[in-house]
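Asks: sequence plus the predicted model coming up.
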Amino acid sequence: MEQPSPLPWLIDRRRFLQNVTGVITGVLVAGSPLALLAPSRSWAIELGSLSSDEGTTLMAMLRSLAPHDHLEDAAYAMVVKGIDRKAGQDQALRTMLKDGLSQLNADGPFAGQDEDRRVALLRRIEATPFFQSVRVDNLMMLYDTPQAAALCGYEGEVFSKGGYLYRGFNDLKWLPDPPLADAGPLDL
C-alpha cells in the first residue's frame, strides 16, 4: 500500500512522470499537423484575396454543392483557402470569383438562406464559368482532405501494403450491395 508523503507538497516520482508525460504529449500533439486532423467546431483561415464575407459565401456555396452532414466545416475551409490561394495568383480568377460571389449575395446574404433557396440560386448560375470553376475546385480539393477521405471510408494508398484485393477491396459500409446478377462472375 502506498504511503502518504510526509510533506503535502511533495509528490512521488511515478505521479510526477505521469503528469509530465501527459503535458508533453499534449503539447506535441497540439503543436503538430495531427492537431489539424482532430474534429473541432472552431477553426479559422487567413484569406488573402477574398474578404471574410466572400469567404463565408463561398463556404455556404461549397456546402450546398457537396453536402455532408457529418463533415466538419474545417474540411470546407481548406477548400476556401485553396481557392483563395489560386485567386491570389490569377487576377482573372479573382475577378470572376468576386463577381460570382457578389451575384449570389444580390438578394441578401447567400449564407443566411435556407438550403432550398441556395440550391435554387445555384441552379440559375450552374452554366457560368464561375460556378463550374468552384464546382471543380470543390470536388478536387474537398475529397483530398483527410476529414472527407475518412468520412468516405478511404484508408489511403495500399500499394505498399499489398494492394486492395485482400485489404479493404469490398469493405465500404455506406454503399449498398449490388444485386447478385450485377456482381459479375465468381472466380474462386
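Replies: Nice, I can see it.
Asks: contacting residues around the closest residue in space to Arg63 that isn't next to it in sequence?
Replies: Using Cβ to Cβ, 6 or more residues apart in numbering and skipping residues adjacent in sequence, the residue nearest Arg63 is Tyr76, 5.9 Å away. Where you see a C-beta, it was placed from the backbone N, CA and C, and this is true even at glycine. Tyr76 sits next to 59, 62-63, 142 when contact means Cβ atoms under 8 Å, 6 or more residues apart in numbering.
Asks: give me the element Tyr76 is part of.
Replies: Secondary structure from DSSP states H and E places Tyr76 in helix 73-89.
Asks: CA atoms only for that helix - export them in CSV, please.
Replies: What follows is helix 73-89, C-alpha atoms only, in CSV (Å, rounded to 0.1, in the frame of the first residue of the first chain):
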residue,chain,number,x,y,z
ASP,A,73,-16.6,22.9,-41.6
ALA,A,74,-12.8,22.7,-41.4
ALA,A,75,-12.7,20.5,-44.5
TYR,A,76,-14.7,23.1,-46.4
ALA,A,77,-12.5,25.8,-45.0
MET,A,78,-9.5,24.1,-46.6
VAL,A,79,-11.2,24.4,-50.0
VAL,A,80,-11.9,28.1,-49.4
LYS,A,81,-8.3,28.6,-48.5
GLY,A,82,-7.2,26.7,-51.7
ILE,A,83,-9.5,28.7,-53.9
ASP,A,84,-8.4,31.9,-52.2
ARG,A,85,-4.7,31.0,-52.8
LYS,A,86,-5.4,30.3,-56.5
ALA,A,87,-7.2,33.7,-56.8
GLY,A,88,-4.2,35.4,-55.4
GLN,A,89,-2.1,34.1,-58.3
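Asks: for it, list every residue counted as buried.
Replies: 73-84, 86-87 (16 or more other Cβ atoms under 10 Å).
Asks: would you check how far apart the residue nearest to Arg63 and Leu65 are?
Replies: Computed as Cβ to Cβ, to the nearest Å, the Tyr76 to Leu65 distance reads 10 Å.
Asks: pLDDT-wise, which helix or strand of the protein ranks last?
Replies: Using mean pLDDT, DSSP states H and E, helix 34-37 stands out as the lowest-scoring helix or strand of the chain, at a mean of 41.
Asks: packing partners for the very next helix or strand once past it?
Replies: Downstream of helix 34-37, the first helix or strand assigned by DSSP H and E is helix 52-65. Identification of packing neighbours for helix 52-65 by 3 or more Cβ pairs under 8 Å, 6 or more residues apart in numbering; DSSP states H and E yields helix 73-89, helix 91-104, helix 115-125, helix 129-142.
Asks: for this protein, which spans come out with low pLDDT?
Replies: 1-43, 155-156, 167-172, 186-188 (pLDDT under 70).
Asks: I'm done for today, thanks for sticking with me.
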